[in-house]
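Visitor: the following comprises the amino acid sequence and a computationally predicted model.
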Amino acid sequence: MKTIIVATGLSLAALGAVPASAAPAWMNYNRELTHACYDAAALRQSPDGIKDCNSAIIFETTTGGEERTANLVNRGILLLLANKNADAGRDFDEALSIDPRQPEALLGKAIEQWQTGNSGTAARLASESLQYNPRRPAVAYLIRGLANEQQGQLRAAYQDLQTAQRLEPGWQEPALQLQRYHVVSR
């Protein structure tokens, strides 16, 4: 039998870069401000990008639909980068009110919930995101793994972190998180 032991005393707050990995939302539109919002999320340019997304949401989007959802998700990602979790959560909630199956909105909301200590909700949202094929499923597995860890579900956490690493072997964050685990046979 194997037992999974995770190192204690390490701060998970060091994952401030995780939200950016969810960027950008799924579509890029031809409109100039929407394009700027998308690019800002892709390049993780938070302060100016938030302004671009604000403008895109006000001036270039319809009352609903994919374009508005994409702009809300991209602004939410930028707000997470700016440590404005409550504002990001509102953007993800609005995007999900338009499309409850939008995987990037679900994943963004999962990240926001994990960052605010709501690990149960974060794990559920990350799982739901995976059902709808997010652009980077490794991010969903990472967040679900970290959320499972916060809940004391170390086996599930370890498996999710391993899956994240397997899906994106070039992404260092899952490997860094796995270094905190020590698996022993009993």
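Guide: Structure received.
Visitor: where in this structure is the helix or strand with the lowest mean pLDDT?
Guide: Of the helices and strands making up the chain, the lowest-confidence element is strand 2-6, at a mean of 40, by mean pLDDT, DSSP states H and E.
Visitor: in this protein, which spans are strands?
Guide: Listed in chain order, the strands found in the chain under DSSP state E are 2-6, 181-185.
Visitor: do you know the pLDDT at M27?
Guide: The predicted local distance difference test score for M27 is 46.
Visitor: so for the longest helix along the chain, what gets flagged as buried?
Guide: Scanning the chain for the helix with the most residues, using DSSP state H, yields helix 65-81. For helix 65-81, the buried set under the neighbour-count rule, 16 or more other Cβ atoms under 10 Å, comprises 66-81. Where C-beta positions appear, they are placed from N, C-alpha and C, glycine not excepted.
Visitor: which one of those is nearest to I98?
Guide: Comparing these against I98 with Cβ to Cβ places T69 closest, at 4.8 Å.
Visitor: the closest one contacts G108, correct?
Guide: No: with contact defined as Cβ atoms under 8 Å, T69 does not count as touching G108 (11.2 Å).
Visitor: find residues that contact each of these two.
Guide: Both T69 and G108 are in contact with A95, where contact means Cβ atoms under 8 Å, 6 or more residues apart in numbering.
Visitor: residues in contact with Y141?
Guide: A126, L130, D160, L161, T163, A164, L167, P174.
Visitor: wait, doesn't the second one sit right on V139?
Guide: In other words, L130. No: contact status for L130 versus V139: not in contact, 10.1 Å apart, counting by Cβ under 8 Å.
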